[in-house]
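Chemist: No letters, just coordinates:
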Ligand SMILES: [Zn+2]
Ligand SMILES: [Zn+2]
């Protein structure tokens, strides 16, 4: 079994929404969600010129400074990495992921991107099939992909899970 995942969330979010996301992650990956904790963004990661937060720095802070593992962080501010205009999320395999709901207005899109980023935590790469793990660089691309895993990714998850037994 995978270790349980801790969900961290922006205090702006409704806890009921966070619980809804947690349920979808549990169902998709058969993984336990251990805790839901509020977590604020560190202002040091804010880029005033871009009016965005640096996703990589935020992720690294939790991995390196707070030493967290298997965390999934949901934020409401816009995120970027230096080479891109914006990102929906960012992950580090077997460590953790961050997802931003800033550009994702519908519940469906939020669930979908959460499933995608969580897939990276559990060992998935981007996928070319009709699959939630398709890479999406725009809102339209994100809309077009499904919210489920293809067969191939499901098999990778099963194997990945075995490594933790
Ligand atoms: Zn991805
Ligand atoms: Zn796939």
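Modeler: Cool, got the structure. From a predicted model like this one, the values you see are computed outputs, not experimental measurements. Ligands and ions are numbered 1, 2, ... in the order given.
Chemist: CA atoms for contacts and neighbours, from now on please.
Modeler: Fine.
Chemist: The most far-flung residue of the chain relative to its centre is in what secondary structure piece?
Modeler: Centroid-distance maximum for the chain: residue 49 at 25.2 Å, with C-alpha atoms, centre = their mean. Using DSSP states H and E, residue 49 sits within no helix or strand.
Chemist: quick thing: my sequence starts at 858, can you match it?
Modeler: With 858 as the first residue, the last one maps to residue 906.
Chemist: any idea how far ligand 2 is from it?
Modeler: Computed as C-alpha to the ion, to the nearest Å, the residue 906 to ligand 2 distance reads 36 Å.
Chemist: On the three-state scheme, the residue lying closest to residue 934 once chain neighbours are set aside is what?
Modeler: If the residues on either side of it in the chain are set aside, residue 934 comes closest to residue 959, at 5.4 Å by C-alpha to C-alpha, 6 or more residues apart in numbering. Of the three states, residue 959 takes coil under DSSP: H, G, I helix; E, B strand; the rest coil.
Chemist: Contact partners for residue 959?
Modeler: 932, 933, 934, 935 (C-alpha atoms under 8 Å, 6 or more residues apart in numbering).
Chemist: who's in contact with the first one?
Modeler: Shown in contact with residue 932 (C-alpha under 8 Å, 6+ apart): 866, 867, 898, 955, 956, 957, 958, 959.
Chemist: Helix or strand: which one has residue 892?
Modeler: strand 890-895.
Chemist: which neighbours does that strand have in its sheet, and in what orientation?
Modeler: When pairing is defined by DSSP bridges, strand 890-895 lines up against strand 862-866 (parallel).
Chemist: List of residues touching the strand it pairs with?
Modeler: Contacts for strand 862-866 (C-alpha under 8 Å, 6+ apart): 875, 879, 888-897, 927-932.
Chemist: and that strand, which residues are buried?
Modeler: Neighbour counts over strand 862-866 (16 or more other C-alpha atoms under 10 Å) mark 862, 863, 864, 865, 866 as buried.
Chemist: Equivalent analysis for stretch 940-950, please.
Modeler: 943, 944, 945, 946, 947, 948, 949, 950.
Chemist: The nearest residue to the second one once chain neighbours are set aside: neighbour count?
Modeler: Right, residue 944. Using C-alpha to C-alpha, 6+ apart and skipping residues adjacent in sequence, the residue nearest residue 944 is residue 937, 5.2 Å away. A count of neighbours around residue 937, defined by other C-alpha atoms under 10 Å, yields 23.
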